[in-house]
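Fold the following, please.
(chains A and B)
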Amino acid sequence: DIQMTQSPSSLSASVGDRVTITCRASEAISTHVNWYQQKPGQAPKLLIYGESNLQTGVPSRFSGSGSGTDFTLSISSLQPEDFATYYCQQCYSTLLTFGGGTKVEIK
Amino acid sequence: QVTLRESGPALVKPTQTLTLTCTFSGFSLTTSPMCVSWVRQPPGKALEWLALIDWDDDKYYSTSLKTRLTISKDTSKNQVVLTMSDLDPMDTATYYCTRIQGYRSYRFLDYWGQGLLVTVSS
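Reported below is the predicted structural model:
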């Protein structure tokens, strides 16, 4: 199975900061990566699909990039509602896999 | 409006078989490229994909769990059922039902149920 490794596992940031989360695949997966946001007690929410396409209603401060094995989720200016855990997920293989998550906390 | 709802037991004993039902509305699982998938999340841990069934009744399973999982659909009832055999306390988790759109290599989980916490304990 394709393994997805996220880094860091957690980070502290302030409102207004630019935040970058990295996801590395165990093999090349082109641009077949999706990103999700999960807040405590809630189901995950799709943010970005196909590496860089914003899901309807997702603010433009979120963006995705990368191809091959290395991918990035960026938040250009962190807002209070963005404190959450973020997951990458590959869909290159029919056997889907998620990264281990990155928790974004308030500094 | 797309909705999904998980149902099943909240508590099961070790070695038993778990049966979870996902009842959905707002889309048809007979229309390509719709799929329904199950994902679980142990308390305080990461998401784990379990299984997927598509509009054409093709089924895919997590490699690590495939000997214990069975997924099926009843399109007349708009339901997808997941069974997991030989439960262990390590299977304690919130189980999510999700809709997936997209053909192979372009699949994203765009709608999620609220999740069902299943505890495995004697």
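
Please name the nearest non-neighbouring residue to residue A:23.
residue A:88 (3.6 Å; Cβ to Cβ, 6 or more residues apart in numbering or on different chains). (C-beta placed from N, C-alpha, C; glycine too.)

so what's the one you found up against?
Contact analysis of residue A:88 by Cβ atoms under 8 Å, 6 or more residues apart in numbering or on different chains lists A:4, A:6, A:21, A:23, A:33, A:34, A:35, A:71, A:73, A:98, A:99.

Quick check, central residue of the chain?
I went with chain A, as the question did not name one. Here the mean C-alpha position of chain A is nearest to the C-alpha of residue A:35 (Cα atoms, centre = their mean), at a distance of 4.1 Å.

nope, chain B please
To find the centre residue of chain B, average its C-alpha atoms and take the closest one (Cα atoms, centre = their mean): that gives residue B:38, at 2.4 Å.

What residues does chain B have near chain A?
Applying Cβ under 8 Å from any Cβ of the partner chain, we find that chain B lies next to chain A at B:37, B:39, B:46-49, B:52, B:60-64, B:96, B:102, B:104-110, B:112-115.

Restricted to buried residues, select those residues in ChimeraX.
Those of these that meet the burial criterion (16 or more other Cβ atoms under 10 Å in any protein chain shown) are gathered into one ChimeraX selection, given here:
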select /B:37,39,46,47,48,49,52,60,61,62,96,102,106,107,108,109,110,112,113,115
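
Can you list which of the residues of chain B next to chain A are found in strands?
Applying DSSP state E to the residues of chain B next to chain A, the entries found in strands are B:37, B:39, B:48, B:49, B:52, B:60, B:61, B:96, B:108, B:109, B:110, B:112.

could I get these as JSON lines with pLDDT?
Output for these, formatted as JSON lines (pLDDT from 0 to 100):
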{"residue": "B:37", "pLDDT": "98"}
{"residue": "B:39", "pLDDT": "98"}
{"residue": "B:48", "pLDDT": "98"}
{"residue": "B:49", "pLDDT": "98"}
{"residue": "B:52", "pLDDT": "97"}
{"residue": "B:60", "pLDDT": "97"}
{"residue": "B:61", "pLDDT": "98"}
{"residue": "B:96", "pLDDT": "98"}
{"residue": "B:108", "pLDDT": "94"}
{"residue": "B:109", "pLDDT": "96"}
{"residue": "B:110", "pLDDT": "95"}
{"residue": "B:112", "pLDDT": "98"}
